[in-house]
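K.L.:
Predicted model and sequence below, questions to follow.
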Amino acid sequence: MSDGKTSIDRRGFLKGATAGAAGFVAQSAFADAQAPAQAPQGGTSGSNESAPAPPTPAANERPASDFMVDVFKSLGIEYAMAMPAGNFAGIIESVVHYGGNRNPEWLTCMNEESSVEMAIGYAKIEGKPALVCAHATVGLQHAAMGIYDAWCDRVPVYMMLGNTQDSAERNDPITWVHSANDPCALVRDMTKWDDNPISMVGWADAAVRAYRIAMTPPYGPTAVVVDEHRHVSNIPATFRVPSFAMPAAPQGAIEAVREAAKLLVAAQNPVIITGMHARTPAGIALLVELAESLQAGVIDRKRRMNFPTRHPLNVGQAGQADVVLALEAGYITGDARAARQRNAKVISISTNELFLKSNYGDQFRFAEIDLPITGDAEATLPTLIDEVKKQITADRRRVFQERGAKIAEANKAAFERAKQEAALGWEASPISTARLSMELWNQIRNEDWSLVTGWVNWPLRLWNMDKHYHYIGRSGGEAIGYHLPASIGAALANRKHGRLTVAIQPDGDFMVANGALWTAAHHRIPLLIVMQNNRAYHQDFMDAQRIALVRNRGSLETMAIGTEITNPNIDYAKLAQSMGVAAEGPITNPNDLAGAIRRGIAVVKRGEPYLIDAVTQPR
Amino acid sequence: MKTFFSGTIIVMLVGSGIGDPGSVGSRFLVSSFIASLRAQGQTPAGNAENGKAVFLKARCFSCHGTVGQGGPGGRLAPKPVPFAAFRTFLRQGKVNSPATNRNWAGMPPFSTKFLSDADLADIYAYLTSIPEPPAPASIPLLAQP
């Protein structure tokens, strides 16, 4: 993205930047004469036509963007994901030439939404944010949908946004339209925190604070504006990276937790509903311990991998519960209302009330909770488990065992029913999504695998999932354009662990940001993508068809206008191949899938992405 | 009025999700009602081959799958519900909000403008012709633990 500055503009900048650097000495809260001086690494090549040319650092100075890289390294940032823009070009240059392009390593993205979605996928696997850089005006507007996904999905994303803050430095029309006085206003309703620091001292403070806020539950995206001119200026070599420590996650108050334990132990039929309580792998083990202690059924709404799919207690009838425990469950309004009608009690442990933005509806309709406990559910579970164990008597334990046996039977029946339903349409063409899922499962089940898309439901019913990376949920904002880049970000995180990453990729979603495929090919990110190609914006077709039929107008042919992706059919294999991704298809015969998956896995195991275009049933 | 009520009951029972496990109570009601319709024995003859073509043209597969296996909409085959229930459900759709008489979700109504009675008979013949799936135990990918 070009800012189109002239050389005169850049020369004009040099004076101001030098004077600005001198001013930092007096401002610096972090200037530390005792700190070991890090040798300046020299200037940039200065050949970028769009970015301001940096001044040569004096002997006691260093490039500001090198300092920024030191801050990123101190935070443990492994990857930077960005579509390039001139107003943060100094960061790119410093990451590559000062930081050695490691920690962070720079990934070239082809749309800022993809950058953010990739960072979401990465964070869901790795449990920490990647750095996303974007142009604060024309890039941030692309990025907004991804940021909304991160917001709704409680995912930490750490963003640096390039802007020309000082109007005196906006020396041409393009820079003017590429600048904003308050860039983060665009996304303030969907970020936990943002800042627009003037100086590099202020930036260092903001950069560390933004990381800590993003990573304090409830997780979420944060953004810091980087000034185009300040970040390519020089700063005193004595600037040091702020130290920081992560705060403990907020826990529910002990009195309330004790009351919750009392209700749960006394209940005849308690049910646990979880949505995304497992922020870390420990969250799964903790819920297993609680469920087994109570012999309570679990309903996992799978916005994360919260509970093992094959666990005998992985089934529950919320409508028959006398006590419902909701753990970061998200939408529980209906459950709470139904519980109230049958005099059941509802307990909620959640950080929802720590999210204090009101514009968007991700807080859902008000739920009538009997015992709301504000605190991070995963952090609160150890205390709840202790309290439950303290209160269980021998009599209750006998009751629990009988209850657990019944739940296990229901779980077994549900599994058998799922297999019977999967058999329906087994030989159908287009390929049933059940068949596709099981063909894939058959070839990955003995690997260390990771499923990184969440649209098709069959894996949740039939695959044996028990690790946090076995499933990472869907997009938080439930919009399309998430799955492909998020899958690639998740695969990137899995790469260093040697996991076999697979994605079942919807076609409509794929077309929003398929440039992400090039990123996967370019950076050799191993990922097996199996298309769920139903050749339509399927949900929208159903909606449009329903309205036409209710209004009793149009024709069977015209109902598909605007929602089908046919005529011509898209050749996803060729599209992938054009970006350097090995691919095959379209495959319409289910008996051809196994061979394709075998070939795909072989390529992925060599460290590269592979795409199989499977033409499928609508769902 | 009698016809209206029977249709409404079908919509409420069957439309709540053919193929969904449902509660024991609702399954009993559905099966009882279906049994009463079977007793009426009013299944017209239809052309299964044409029925498949109409089923695809009307994009019934969009919700129910190309072989009626189900999806966002309920399972239709094998062993479809009796024709009378099928016809009523298809003509009236599923009224999700009786207070407002709106079809915001679930089965929409297909009037004769879109599907004739002969089309319905043919579609029904197609659904009836769809064989039982193999037992999961006979499918290696489903037989494994």
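P.N.:
Everything's here; your move.

K.L.:
So for the longest helix belonging to chain A, what gets flagged as buried?
P.N.:
Ranked by residue count, the top helix of chain A under DSSP state H comes out as helix A:394-423. Using 16 or more other CB atoms under 10 Å in any protein chain shown as the test for burial, helix A:394-423 gives A:400, A:403-404, A:407-408, A:410-411, A:415, A:418-419, A:421-423. For the C-beta atoms, the positions are set from N, CA and C on the backbone; glycine is no exception.

K.L.:
Would you tell me what the next helix or strand after the one helix or strand A:Arg209 maps to is?
P.N.:
Here A:Arg209, judged by DSSP states H and E, is contained in helix A:200-214. Sequence-wise, the next helix or strand downstream of helix A:200-214 (DSSP H and E) is strand A:221-227.

K.L.:
what is the rounded mean pLDDT of that next one?
P.N.:
For strand A:221-227, the mean per-residue pLDDT is 98.

K.L.:
other SSEs contacting that strand?
P.N.:
Counting contacts by 3 or more CB pairs under 8 Å, 6 or more residues apart in numbering or on different chains; DSSP states H and E, strand A:221-227 is packed against helix A:138-153, strand A:157-163, strand A:193-195, helix A:200-214.

K.L.:
Could you check the angle the last one makes with helix A:138-153?
P.N.:
This means helix A:200-214. For helix A:200-214 against helix A:138-153, the angle by axes from the mean of the first three to the mean of the last three CA atoms, to 10 degrees is 30 degrees.

K.L.:
elements contacting helix A:200-214?
P.N.:
Looks like helix A:200-214 contacts helix A:7-27, helix A:64-74, strand A:157-163, strand A:193-195, strand A:221-227 (3+ CB pairs under 8 Å, 6+ apart).

K.L.:
Which of these has the lowest mean pLDDT?
P.N.:
Looking at the helices and strands packed on helix A:200-214, the bottom one is helix A:7-27 with a mean of 35.

K.L.:
sorry, back to before: flag every buried residue along the helix holding A:Arg209.
P.N.:
Counting neighbours by 16+ other CB under 10 Å, the buried set in helix A:200-214 is A:200-214.

K.L.:
Could you let me know which of these ends up closest to chain B?
P.N.:
A:Ala214 (36.1 Å; CB to the nearest CB).

K.L.:
Per-residue pLDDT of that closest one, please?
P.N.:
A:Ala214 is given a pLDDT of 98.

K.L.:
Pretty sure it sits against A:Ala207.
P.N.:
No: A:Ala214 lies out of contact with A:Ala207 (CB atoms under 8 Å); the separation is 11.0 Å.

K.L.:
any weak-confidence spans in chain B?
P.N.:
Low-confidence segments of chain B, defined by pLDDT under 70: B:1-41, B:95-104.

K.L.:
Up against chain A, what does it have?
P.N.:
Residues of chain B lying near chain A by CB under 8 Å from any CB of the partner chain: B:19, B:21, B:57-59, B:61-63, B:65-67, B:69-72, B:75, B:93, B:102-105, B:108-111, B:113-114, B:133-136, B:139, B:141-142, B:144.

K.L.:
Any quick PyMOL command for the buried ones out of those?
P.N.:
Written as a PyMOL command, the selection of buried residues from the residues of chain B next to chain A, which uses 16+ other CB under 10 Å, is:
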select buried, chain B and resi 19+58+59+61+62+63+65+66+67+69+70+71+75+93+103+108+109+110+114+133+136+139+141+142
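
K.L.:
In helices only, show me the residues of chain B next to chain A.
P.N.:
Per DSSP H, the subset of these in helices is B:Lys57, B:Phe61, B:Ser62, B:Cys63, B:Leu141, B:Leu142.

K.L.:
Per-residue confidence at the nearest residue to the fifth one once chain neighbours are set aside, what does it come out as?
P.N.:
Spatial nearest neighbour of B:Leu141, chain neighbours left out: A:Met438 (4.3 Å); criterion: CB to CB, 6 or more residues apart in numbering or on different chains. Predicted confidence (pLDDT) at A:Met438: the value is 98.

K.L.:
what about A:Met438, which helix or strand?
P.N.:
Going by DSSP H and E, A:Met438 is in helix A:433-444.

K.L.:
C-terminal to that helix, what's the next element?
P.N.:
Following helix A:433-444 toward the C-terminus (DSSP H and E): strand A:449-451.

K.L.:
Now that following strand: average pLDDT?
P.N.:
98.

K.L.:
which helices and strands sit right next to it?
P.N.:
helix A:483-495, strand A:500-506.
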